[in-house]
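**Student:** Prediction below, plus the sequence it came from.
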Amino acid sequence: MPELVNSQQNISLIQNLTSNKKYYIQTYGCQMNVYDSELVATQLENSGYEKTDKIDKADAIFLNTCAIREKAEETVHNRLSNLHTLKKKNPKLILGVLGCMAQNLKNDLLESKPYVDVILGPDSYRRIPELIKSREQKNEYLVDTKLSKFEVYEDLYPSRSEGINAWISIMRGCDKFCTFCIVPFTRGRERSRSIESIVEETKKCVSEGFLEITLLGQNVNSYKTPNGTFPELLKSVASVKGVKRIRYTSPHPQDIDDDLLEVMRNHSNICNQIHLPLQAGSNRILKRMNRTYTKQQFLDLVNKIRKYMPECSLSTDVIVGFPGETDEEFSETLEVIDEVGFNSAFMFKYSSRPGTKAAEYSDQINEDEKQSRLEKLIKLQKNKTLIANKKLIGTVQEVIVEKESKKSSHQWAGRTMGNTWVIFDKTNESLKDNIKVIITDAQGITLFGQREN
Ligand code: 5AD
Ligand code: SF4
């Protein structure tokens, strides 16, 4: 009996055999872009393209871009200028810009980089097969940056590369409008996928060998459907057989409630880790950022989380040099960082994003001052990370064997439930084993240990 394949697979197989065209995708920015690139890969493979890691062998090159800070945009502009050389050598090459920068800078790109063929915003990836086909036939620009109130790509399954972790997007967009942030403009309004479709995708990931699921959303815990909100979804995903670890990112502190913490506490496969973006420690700046919480409310939330889960690992995002931030207000940020003792932090200099409210504030901080504040903050946080990691010395941690250590072929590297990397000597374990490791040392941002016998 011949094996049955569905018609979509059939078409894709035939096209693969006949066309042999190759695509290359480079992803910039957040995890949502990683997921979106996997969705784009599925679309391209359904159009008869094969993935290549060699950019000079590609018939179509896509940059999935980020607009969160000016530097991210500069990187893409430079990359596109380099790719112009490839395009001159091969005029048939399809060059595409996808994602947030495509959404945000469509006109600028059309003007400054006329050799770009395809510009697609984050809600237009369904059109890829059709656009590729028409671009192959006619040598013209294709631009689609319409934002949708509904698109969640519920029925598209991403083409994931192998590994431990599978990203699953559960909601898209953001309605919070923090005054510094371009995301509500590039990604549009909040919308959520159904619980059933997320559970189905989780099951599929488990059957493909993924051990960890990370639920993704620009504002992940604003997740809302007629059948439930984020805690209900988390419970359903945690109940899927074979899911060893569940993480989620990025939540907004405002939407972390008792129900969510209760679900986290009650499910041993939901990691005891929360990314809790602080952004700033001064009430005046938080208000100006439209973050909707005060310093005290944030600290109270940290205490509440630690009451529910004393071992919970906390990470954060901080912006220094927001318009009008005084030395004293910056010191308040340092005080909160000192008081909370986050396990890790992503720290940024404020970057003005045209179109956002904060870009219009007249009291922008100069670059040298921002740099000096960033350095102070990084110094403090480095120390805090080391203190938090040293507290783990002597404890036994569950670790999944993820890869060989970069420094030695006799050692493995894996992450704890709290998301900290641990290096340990190889014994008789294999990749993907879930083992127990006794922590013996902490250096920089890394833990060291020995397998428990
Ligand atoms: N400048 C600097 N950092 C920013 N972020 C978002 N917008 C900006 C900006 N304009 C940071 C925030 C957010 C993280 C993803 O990026 O800290 O949580
Ligand atoms: Fe940006 Fe704020 Fe939305 Fe996060 S919550 S994506 S920082 S607007």
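**Tutor:** The structure has been received and is ready for your questions. Ligands and ions are numbered 1, 2, ... in the order given.

**Student:** where are the low-confidence patches of this protein?
**Tutor:** Where the chain drops to pLDDT under 70, the residues are 1-19.

**Student:** any residue of stretch 280-291 up close to ligand 1?
**Tutor:** No: with CB under 6 Å from any ligand atom as the criterion, ligand 1 is not reached by stretch 280-291; the gap is at least 9.4 Å. C-beta coordinates here come from the backbone N, C-alpha and C atoms, glycine included.

**Student:** how far does that stretch stretch from start to finish?
**Tutor:** Using CA to CA, to the nearest Å, the end-to-end distance of stretch 280-291 comes to 9 Å.

**Student:** for this structure, longest helix please?
**Tutor:** For the chain, the longest helix by residue count, based on DSSP state H, is helix 367-390.

**Student:** How many residues are close by the residue in the stretch 251-400 of the chain positioned nearest to ligand 2?
**Tutor:** Relative to ligand 2, the nearest point of the stretch 251-400 of the chain is residue 252 (5.0 Å; CB to the nearest ligand atom). Each residue near residue 252 was counted by other CB atoms under 10 Å, and the total is 19.

**Student:** Check residue 268 too.
**Tutor:** With other CB under 10 Å as criterion, residue 268 counts 12.

**Student:** coming back round to it: so what's the closest residue to the residue of the stretch 251-400 of the chain closest to ligand 2 other than its chain neighbours up against?
**Tutor:** What sits nearest to residue 252 in space, not counting adjacent residues and going by CB to CB, 6 or more residues apart in numbering, is residue 219, at 5.5 Å. Residue 219 sits next to 171, 173-176, 190, 250-252, 255 when contact means CB atoms under 8 Å, 6 or more residues apart in numbering.

**Student:** Distance check, the one residue in the chain that gets nearest to ligand 1 against residue 67.
**Tutor:** Here the chain gets closest to ligand 1 at one residue, residue 317, 3.3 Å apart by CB to the nearest ligand atom. Distance, residue 317 to residue 67, by CB to CB, to the nearest Å: 16 Å.

**Student:** If you count surrounding residues, which of the two has more?
**Tutor:** Neighbour count, other CB under 10 Å: between residue 317 and residue 67, residue 67 has more, with 24 against 14.

**Student:** List the residues that contact that one.
**Tutor:** So residue 67 contacts 73, 99-101, 103-105, 182, 186, 353 (CB under 8 Å, 6+ apart).

**Student:** circling back: which SS class is the residue of the chain closest to ligand 1?
**Tutor:** Assigned by DSSP: H, G, I helix; E, B strand; the rest coil, the conformation of residue 317 is strand.

**Student:** Provide a list of residues in contact with the nearest residue to it once chain neighbours are set aside.
**Tutor:** What sits nearest to residue 317 in space, not counting adjacent residues and going by CB to CB, 6+ apart, is residue 277, at 4.0 Å. Residues near residue 277 by CB under 8 Å, 6+ apart: 250, 252-253, 316-317.

**Student:** So which of the contacts of residue 67 belong to helices?
**Tutor:** Among these, the ones falling in helices (DSSP H) are 73, 100-101, 103-104, 186.

**Student:** and the longest helix of the chain with ligand 1, contact?
**Tutor:** No: Helix 367-390 stays clear of ligand 1 (CB under 6 Å from any ligand atom), getting no nearer than 9.6 Å.

**Student:** that older thread, which among the ones in helices among the contacts of residue 67 gets closest to ligand 2?
**Tutor:** Distances from ligand 2 to those, taken as CB to the nearest ligand atom, are shortest for residue 186 (9.6 Å).

**Student:** how far away is the closest residue to that closest one other than its chain neighbours from residue 177?
**Tutor:** Distances taken as CB to CB, 6+ apart put residue 100 closest to residue 186, at 3.8 Å, once the chain neighbours are dropped. As judged by CB to CB, residue 100 and residue 177 stand 16 Å apart.

**Student:** For those two, indicate the residue with more neighbours.
**Tutor:** Neighbour tally, residue 100 and residue 177, criterion other CB under 10 Å: the higher count belongs to residue 100, 27 against 12.

**Student:** So the more buried one sits against residue 29, correct?
**Tutor:** Yes: between residue 100 and residue 29 there is a contact under CB atoms under 8 Å: 6.9 Å.

**Student:** Between these two, which contacts overlap?
**Tutor:** Common contacts of residue 100 and residue 29 (CB under 8 Å, 6+ apart): 65-66, 68.

**Student:** who in the protein is up against ligand 2?
**Tutor:** Neighbours of ligand 2 within the chain, by CB under 6 Å from any ligand atom: 174, 176-178, 181, 183-184, 218-219, 252.

**Student:** for residue 75, what are its contacts?
**Tutor:** Taking CB under 8 Å, 6+ apart as the criterion, residue 75 is in contact with residue 28.

**Student:** how many neighbours does residue 29 have?
**Tutor:** Around residue 29 there are 20 other residues, counting by other CB under 10 Å.

**Student:** For the closest residue to it other than its chain neighbours, the count of nearby residues, please.
**Tutor:** Of all residues not flanking residue 29 in the chain, residue 66 sits nearest, at 2.6 Å (CB to CB, 6+ apart). By other CB under 10 Å, 23 other residues sit near residue 66.

**Student:** what residues are up against residue 66?
**Tutor:** The neighbours of residue 66, taking CB under 8 Å, 6+ apart as the test, are 28-30, 33, 72-73, 76, 99-101.

**Student:** go with 10 Å
**Tutor:** For residue 66, the contacting residues are 27-30, 32-33, 72-73, 75-76, 99-101, 104, 182, 186, by CB atoms under 10 Å, 6 or more residues apart in numbering.

**Student:** show me the contacts for residue 443.
**Tutor:** By CB under 10 Å, 6+ apart, residue 443 lies in contact with 386, 389-390, 423.

**Student:** which among those residues end up buried?
**Tutor:** 389, 423 (16 or more other CB atoms under 10 Å).

**Student:** Just to check, residue 250 is in contact with residue 181?
**Tutor:** No: Residue 250 is beyond contact range of residue 181, at 11.5 Å (criterion: CB atoms under 10 Å).

**Student:** Between those two, which contacts overlap?
**Tutor:** 174, 218.

**Student:** can I see the domain layout of this structure?
**Tutor:** Domain assignment for the chain by automatic domain parsing gives 8-144, 160-271, 280-391, 396-451.

**Student:** As CSV, those domains with distance to residue 152 would be great.
**Tutor:** Compiled in CSV, the domains of the chain are given as follows (distance: least, CB to CB, whole Å):
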stretch, distance to residue 152
domain 8-144, 10
domain 160-271, 4
domain 280-391, 24
domain 396-451, 26
